[in-house]
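**Student:** The following block contains a protein sequence and its predicted model.
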Amino acid sequence: MQKIHVIDERDGSEIPFLRGILTRSLQRSGVPFDDAYKISDKIRRSLADRSKISSNELREVVSKYLQDHGYEQQLETYQEGALPASTIHIIRRDGSEVPFSKGRLSQSMEICGMDQDQTYHITQSIQAGIISAHMTEISSSEVSDRTFRAIRQNAGDETAERYLQWREFGMSGKPLILLIGGTNGSGKSTLGSELAHRLDIVRTQSTDMLREVMRLMIPARLSPTLHTSSFNAYKTFPQGESEHERLDQPSMIAGYLRQSEQVGVGIEGVLKRAENERVSLILEGVHVHPASQQQIADQSDALVVPIILAVLKKKRLRNRLVGRGQQATSRRSERYLENFDHIWNLQSFLLAEADHFNIPIIQNFDEDEAIRSIMQTISAYVARDISTQTEVAESKSESREVEGA
């Protein structure tokens, strides 16, 4: 299939037609990711016999497809994207400029717990207000102020206050470390990827990947526990070893804990790198268990938000494991099902530990609802962190006043 180039009529520049860019544009218009990708692919195939197309013509092709296939609401939002938002530039606090982006502004409001319909409605009203005022430049603080007022008008004072707190946290420069634990099939990777997109976090890490790297460095004869599944690690214990009595846990849990300790070395390295570079990070995996989450939170200068994902219905978790296996190999699915009782018992252990260490438990029954719950949890941690910092600052100020008296 030959390459198609899109010509921008404004300056005559050409760029390759990229399905990824069109997919993101459709997503910002409210089209679900899977649908957006399929639409982008179909439009790319429909233009297979062309080498060039103007940006306006491409927009007309996409608009017609949305209209013909029942995406009326998304069509309106997509067409509004043709407004001259690209001529609006946001001046940041450091003097740099960035184009106004409805998608980025909408994402910044999701931390408040609002759904996408609300955030898109507010974003559109803010964009329309800037355009009607004939502004080509606007400060980031003015955009934030307009956003705060719009949220307060549409969603109330409490939601608007959460937005202010999130904005204050963003200006503090403190990194956010989101720790997502849970057993196999709980949805850690899926939700982690979606949260990274919505929170604009570019660095994510899975403990499974860390374990794979460690396996390459440490041979199985030296660390057999590292070279098997978390729920089968106990099978590598030497016969007669009393490890299964460790911490009064069954042998399966003891194997999981030993493997988690080993992977913890890699986790520590990843976290130190993120803290040194002052960048936010999402760390997800079965090895992110509640005890380690609590330890990380106690030792880190970053804002650490720990959660444990849970699927509380056996049938639902089993179906998730079957689906996960089908994405890779049928053998993998069989292995999960053969060890389902171990996986279920491991989840029970993680939930009990989460309850003991006061780690938030998020039920992953519905993905959108789970994401909303995680966003609300992050917002609550941000509010608590800001309150703590304020109390510390006030205490220091009072101490200085007493010393100076």
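**Tutor:** Now that the structure is in, tell me what you want to look at.

**Student:** so where do the strands sit in the stretch 151-300 of the chain?
**Tutor:** 176-181, 204-206, 281-284 (DSSP state E, counting those that start in this stretch).

**Student:** ugh, wrong one, I meant the stretch 1-150 of the chain
**Tutor:** Listed in chain order, the strands found in the stretch 1-150 of the chain under DSSP E, counting those that start in this stretch are 5-7, 14-16, 52-54, 89-91, 97-99, 137-139.

**Student:** among these, where is the model least confident on average?
**Tutor:** Among those, strand 14-16 has the lowest mean pLDDT, at a mean of 80.

**Student:** looking just at contacts, which helices and strands does that strand meet?
**Tutor:** strand 5-7 (3 or more C-beta pairs under 8 Å, 6 or more residues apart in numbering; DSSP states H and E). For the C-beta atoms, the positions are set from N, CA and C on the backbone; glycine is no exception.

**Student:** mind listing what's buried in the strand it packs on?
**Tutor:** For strand 5-7, a neighbour-count test (16 or more other C-beta atoms under 10 Å) marks Val6, Ile7 as buried.

**Student:** Neighbouring strands of that strand in the sheet, and parallel or not?
**Tutor:** Partners of strand 5-7 in the sheet, by DSSP bridges, are strand 14-16 (antiparallel), strand 52-54 (parallel).

**Student:** picking that back up, how about CSV for the strands of the stretch 1-150 of the chain, with distance to Arg320 added?
**Tutor:** CSV is the format used below for the strands of the stretch 1-150 of the chain (distance: least, C-beta to C-beta, whole Å):
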stretch, distance to Arg320
strand 5-7, 40
strand 14-16, 37
strand 52-54, 42
strand 89-91, 41
strand 97-99, 39
strand 137-139, 45
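
**Student:** which one of those strands lies closest to Arg149?
**Tutor:** strand 137-139 (14.1 Å; C-beta to C-beta).

**Student:** Go ahead and measure how far stretch 359-373 is from the middle of the chain.
**Tutor:** On the basis of C-alpha atoms, centre = their mean, to the nearest Å, stretch 359-373 sits 12 Å off its chain's mean C-alpha point.

**Student:** Dump the C-alpha coordinates for stretch 46-54 into CSV.
**Tutor:** Taking C-alpha atoms only, stretch 46-54 is exported to CSV below (Å, rounded to 0.1, in the frame of the first residue of the first chain):
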residue,chain,number,x,y,z
SER,A,46,-10.4,3.8,1.2
LEU,A,47,-7.6,6.2,0.1
ALA,A,48,-5.2,3.5,-1.0
ASP,A,49,-5.2,4.6,-4.6
ARG,A,50,-4.2,8.2,-3.8
SER,A,51,-0.8,9.6,-3.0
LYS,A,52,-2.0,13.0,-1.7
ILE,A,53,-5.0,14.6,-0.1
SER,A,54,-5.6,18.0,1.4
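
**Student:** Give me the buried positions along it.
**Tutor:** Buried positions in stretch 46-54, judged by neighbour count with 16+ other C-beta under 10 Å: Leu47, Ile53.

**Student:** out of the strands of the stretch 1-150 of the chain, nearest to Trp166?
**Tutor:** Nearest of the strands of the stretch 1-150 of the chain to Trp166, taken as C-beta to C-beta: strand 89-91 at 17.3 Å.
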